[in-house]
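> Fold the following for me, if possible:
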Amino acid sequence: MHSRYELRRSIAITSNRAVTDWGKYLKDATMATTIVDRLMHRCSMLEFEGKSYRLKEAASRLAINLENS
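Numbering: from 1, shown residues only. This is a model prediction of the structure:
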């Protein structure tokens, strides 16, 4: 992370976890804060809300399979 930050290289990260919870999941709050600081310094953050398309598609497939049974 540090090397890519220093060299101004692109990093794409996706997560279904809130940034505020990264310390808990990385098991190191200090390291998580450092990573988030570097990511947020020069970032374009996209945040999406709403229902998961994968869950919607899975429910549709299940409904179709139940109708055909």
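
> Can you pull the phi/psi pair for residue 7?
With angles defined as degrees, to the nearest 10, residue 7 sits at phi -90, psi 0.

> State the distance from it to residue 14.
Per CB to CB, to the nearest Å, residue 7 is found 22 Å from residue 14. The way it works is simple: take the backbone N, C-alpha and C, and place the C-beta from them, glycine included.

> helix/strand/coil for residue 9?
Applying DSSP: H, G, I helix; E, B strand; the rest coil to residue 9 yields a three-state assignment of coil.

> The closest residue to it other than its chain neighbours - how many residues pack around it?
Excluding its sequence neighbours, the residue lying closest to residue 9 (CB to CB, 6 or more residues apart in numbering) is residue 3, at 7.9 Å. Neighbourhood size, residue 3 [other CB atoms under 10 Å]: 7.

> What helix or strand is residue 3 located in?
Here residue 3, judged by DSSP states H and E, is contained in helix 2-6.

> gap between residue 50 and residue 56?
Note on residue 50: its distance to residue 56, by CB to CB, is 10 Å.

> And those two? Which one has more around it.
residue 56 (11 against 6).

> about what we covered before: give me the pLDDT value at the residue nearest to residue 9.
Here, the pLDDT recorded for residue 3 equals 85.

> how near is it to residue 26?
Distance, residue 3 to residue 26, by CB to CB: 18 Å.

> and if you look at residue 60?
35 Å.

> Show me which of the two is the more surrounded one.
Comparing residue 60 with residue 26 by neighbour count (other CB under 10 Å), the higher total belongs to residue 26, at 15 against 10.

> so the more buried one makes contact with residue 33?
No. Contact between residue 26 and residue 33 fails when scored by CB atoms under 8 Å: they sit 9.8 Å apart.

> Alpha carbons only: can I get the helix holding residue 3 in PDB?
Output of helix 2-6 as PDB, limited to C-alpha atoms (Å, rounded to 0.1, in the frame of the first residue of the first chain):
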ATOM      1  CA  HIS A   2       2.800   2.400   1.000                       C
ATOM      2  CA  SER A   3       4.700   1.800  -2.200                       C
ATOM      3  CA  ARG A   4       1.700   2.300  -4.500                       C
ATOM      4  CA  TYR A   5       0.800   5.500  -2.600                       C
ATOM      5  CA  GLU A   6       4.300   6.900  -2.900                       C
END
